[in-house]
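**Student:** Predicted model and sequence follow; I will ask about them next.
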Amino acid sequence: MSLRQKAEELGIRYFLVSYSDLFGTSRAKLVPAQAIDDICETGASFAGFATWLDMTPADPDVFAAPDPNSLIQLPWKPEVGWLAADPWMNRQPVAHAPRNVLKASLARLAERGQELRTGVECEFFLLTPDGQAIADPRDEQVKPCYDQQALMRRFDLIAEICDSLIQLGWEPYQNDHEDANGQFEINWKYAEALQTADRQTFFKYMVKTLAEKHGMRATFMPKPFSRLTGNGCHTHISLWDRKSGKNLFANSADVDGLSSMAYAFIGGMLHSAEALSAIVTPTVNSFRRINAPVTSSGATWSPNTISYAGNNRTHMIRIPGGGRIELRLSDGAASPYLSAAAILETGLDGIDEKRDPGPRLEINAYQDRSKLEGLRHLPDNLFDALRALETNTVLTTRLGAEFTRSYLKLKRAEWRDYSSHVSTWEFARTIDC
């Protein structure tokens with residue numbers, strides 16, 4: 001069935017043909033249903049240089065080819081269908097476009113007879129429309145995590161989001177008020193990694209849109225308020241055999257329920273952690289979260305050390321249960337596509353090189369890390385993370401030279417732009433020097 005026929009069946013009048021750029025921004029064109037089959041053949045045209053892709057005005061048009069399998073009918077506006085798209089130029093996939101990067105990694109994984117499945121915990125703040133304060137002035141507990149009153153004051157919005165996920169078949173299973181005032185999280189079932197990345201991309205769009213409908217502004221910014229816990233995006237990871245459907249990370253004989261393959265995967269992520277942070281904590285603001293002082297609520301919920309543990313939330317990697325591992329490093333600014341690709345490639349390097357993660361550390365990494373000699377710390381800032389990525393042969397080789405070059409180029413420009421800005425803090429402390 002063609003997409004136009006599908007549109008007639010579902011009552012869709014328009015399609016949002018959407019791609020994600022290197023900074024995680026969704027770019028789209030609104031295509032009438034009568035033209036969608038032609039767009040599937042040719043792609044929707046964009047000037048790539050006008051978005052965060054590594055292009056100039058001299059480059060030809062980018063054509064975003066919609067993926068029919070990604071179709072999501074907007075629950076709150078069913079006359080519109082959303083389609084994830086893959087950027088092409090000169091009849092070739094744009095090698096540094098995030099969805100193309102992930103698809104290339106997953107294709108190589110498929111050649112090994114394996115599939116990556118991921119689940120994400122997307123945290124977000126609900127703010128006033130100007131973004132200057134949390135939307136609920138009564139949400140002021142010192143320990144606001146799981147606050148029932150604050151959660152139910154936002155019932156109408158949270159329920160509309162969750163009802164939408166139920167309608168879409170994503171199998172949501174819980175909604176909660178998170179550790180910061182004004183912060184929430186909605187969880188849905190894990191899936192194949194590309195599907196999860198598409199869903200996460202759409203989820204961010206949906207939450208922002210429905211928040212606006214309710215007179216608020218939603219943000220996934222890693223650390224919007226210095227005194228409050230930041231927005232993480234904890235990622236749950238497992239590898240599966242494509243033929244048998246077996247979870248390759250599961251081992252009932254292990255104390256934590258993990259296979260030797262899973263431990264090697266952990267070893268790979270630990271080995272390349274500094275470089276990995278350039279992708280999964282990709283902004284200047286990201287490093288306000290992972291290197292933040294403990295908040296009044298009692299914890300930052302984010303890692304500082306390159307370490308792993310069992311069911312212990314103070315480390316970069318946690319083993320929450322058998323058959324899966326949780327990376328706690330990723331944040332709300334990370335590209336769903338690039339994050340999944342980078343996690344996969346560092347993990348596969350661990351498997352291929354048989355990297356030993358060492359013994360798990362059952363310490364409070366927030367309080368006791370100074371007691372462990374040689375324990376590596378995560379980068380202090382984006383610049384250090386980018387330098388680590390540049391020298392890391394695992395990610396630069398596995399993700400490809402074109403992606404690495406383009407990503408480093410644009411992210412270094414972002415760092416220079418930030419560095420040229422004179423902040424209120426430095427002005428106040430330096431004006432009379």
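**Tutor:** It's in.
**Student:** buried set for stretch 54-73?
**Tutor:** Using 16 or more other Cβ atoms under 10 Å as the test for burial, stretch 54-73 gives D54, M55, V62, F63, A64, A65, P66, D67, S70, L71, I72, Q73. Yep, even glycine has a C-beta here, placed from its N, CA and C like the rest.
**Student:** where does A262 fall, helix, sheet strand or coil?
**Tutor:** Counting by DSSP: H, G, I helix; E, B strand; the rest coil, the backbone at A262 sits in helix.
**Student:** Do I have it right that it meets I325?
**Tutor:** Yes. Between A262 and I325 there is a contact at 6.2 Å, judged by Cβ atoms under 8 Å.
**Student:** Those two: which is more packed in?
**Tutor:** Neighbours were tallied for A262 and for I325 using other Cβ atoms under 10 Å; the higher tally belongs to A262 (29 against 24).
**Student:** Ignoring the adjacent residues along the chain, who's closest to the more buried one?
**Tutor:** F249 (3.9 Å; Cβ to Cβ, 6 or more residues apart in numbering).
**Student:** Does the one you found touch S238 like I think?
**Tutor:** Yes. Using Cβ under 8 Å, F249 is in contact with S238, at 4.6 Å.
**Student:** between these two, which one's more packed in?
**Tutor:** Shown here are F249 and S238; by other Cβ under 10 Å, F249 has more neighbours (24 against 20).
**Student:** R405 versus that one, what's the distance?
**Tutor:** 33 Å (Cβ to Cβ, to the nearest Å).
**Student:** okay, now the domains of the protein?
**Tutor:** Structural domains annotated on the chain: 7-93, 104-425, as defined by automatic domain parsing.
**Student:** want to throw these into TSV with mean pLDDT?
**Tutor:** Supplementary listing: these in TSV, determined by pLDDT from 0 to 100:
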stretch	mean pLDDT
domain 7-93	97
domain 104-425	96
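**Student:** In JSON lines, list those along with distance to D432.
**Tutor:** As requested, these are arranged in JSON lines below (distance: least, Cβ to Cβ, whole Å):
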{"stretch": "domain 7-93", "distance to D432": "37"}
{"stretch": "domain 104-425", "distance to D432": "14"}
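**Student:** Report the next helix or strand after the longest strand belonging to the chain in sequence order.
**Tutor:** Assignment by DSSP state E gives strand 114-127 as the longest strand of the chain. As assigned by DSSP states H and E, the chain's next helix or strand after strand 114-127 is helix 148-153.
**Student:** Relative to the whole chain's centre, how far out is the helix or strand containing F203?
**Tutor:** Assigned by DSSP H and E, F203 belongs to helix 193-213. Relative to its parent chain, helix 193-213 has a centroid offset of 11 Å by Cα atoms, centre = their mean, to the nearest Å.
**Student:** do the same with stretch 274-290
**Tutor:** 11 Å.
**Student:** sec struct for the closest residue to T283 other than its chain neighbours, please.
**Tutor:** Nearest in space to T283, with sequence neighbours left out and distances taken as Cβ to Cβ, 6+ apart, is A333 at 4.7 Å. At A333 the chain is in coil, as set by three-state DSSP.
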